[in-house]
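Asker: pasting the sequence and the predicted model now:
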Amino acid sequence: QGNLEESGGGLVEAGGSLNLSCVASGSLVSAWSMDWYRQAPGKQRELVGSISTRSTHTDPTYAESVKGRFTISRANAKNTILLQMKDLKPEDTAVYFCHMDGSRGLATLELWGQGTLVIVSA
């Protein structure tokens, strides 16, 4: 089994910053790529950004709505990524989910986290 856990959500004023982290754990679990998604109330889940965890030569990709404000990076710990959010706007309010494509032993593995709530007040 594998597990994906996000942390770092909370309440912040518009213009402020917040950092989220996501760690994949479990015996023999290895992440290939990890992503951040978000789902605002009444809206569909959307991709925020992605990063390869196998290659340090591949740059992260971002949704247009967060480019220049959000940064995804690999943490020193294995299977861990960070989402640094700055200049937050009320429309960034959402539950943020981490997603992973990888493997556990010889089998492929896809994981979703439970989500962490980010609220940006006007």
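Answerer: Received, thanks.

Asker: contacts and neighbour counts: CA atoms only from here.
Answerer: Will do.

Asker: show the backbone phi and psi for residue 119.
Answerer: Backbone torsions of residue 119, given as degrees, to the nearest 10, read phi -120, psi 120.

Asker: isn't it right up against residue 10?
Answerer: Yes. When contacts are counted by Cα atoms under 8 Å, residue 119 is listed as touching residue 10 (6.2 Å).

Asker: more neighbours, the two?
Answerer: Taking neighbours as other Cα atoms under 10 Å, residue 119 and residue 10 compare with residue 119 leading, 21 against 14.

Asker: can you name the residues bridging to the more buried one?
Answerer: Under the criterion DSSP bridges, residue 119 forms beta bridges with residue 11.

Asker: do residue 80 as well
Answerer: Bridge pairing for residue 80 - DSSP bridges - gives residue 23.

Asker: pLDDT value on it, please?
Answerer: Looking at residue 80, its pLDDT stands at 92.

Asker: equivalent analysis for residue 2, please.
Answerer: In this model, residue 2 carries a pLDDT of 90.

Asker: give me the neighbour count for it.
Answerer: 16.

Asker: who does the strand or helix carrying residue 32 pair up with?
Answerer: Secondary structure assignment for residue 32, by DSSP states H and E: strand 29-39. Paired neighbours of strand 29-39 in the sheet (DSSP bridges): strand 46-52 (antiparallel), strand 94-104 (antiparallel).

Asker: in the chain, which residue sits furthest out from the middle?
Answerer: Farthest-out residue of the chain from its mean C-alpha position, per Cα atoms, centre = their mean: residue 106, at 24.9 Å.

Asker: hang on, the earlier thing: for the strands paired with strand 29-39, give me TSV that also has mean pLDDT and mean neighbour count.
Answerer: TSV is the format used below for these (pLDDT from 0 to 100; neighbours: other Cα atoms under 10 Å):
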stretch	mean pLDDT	mean neighbour count
strand 46-52	96	20
strand 94-104	96	22
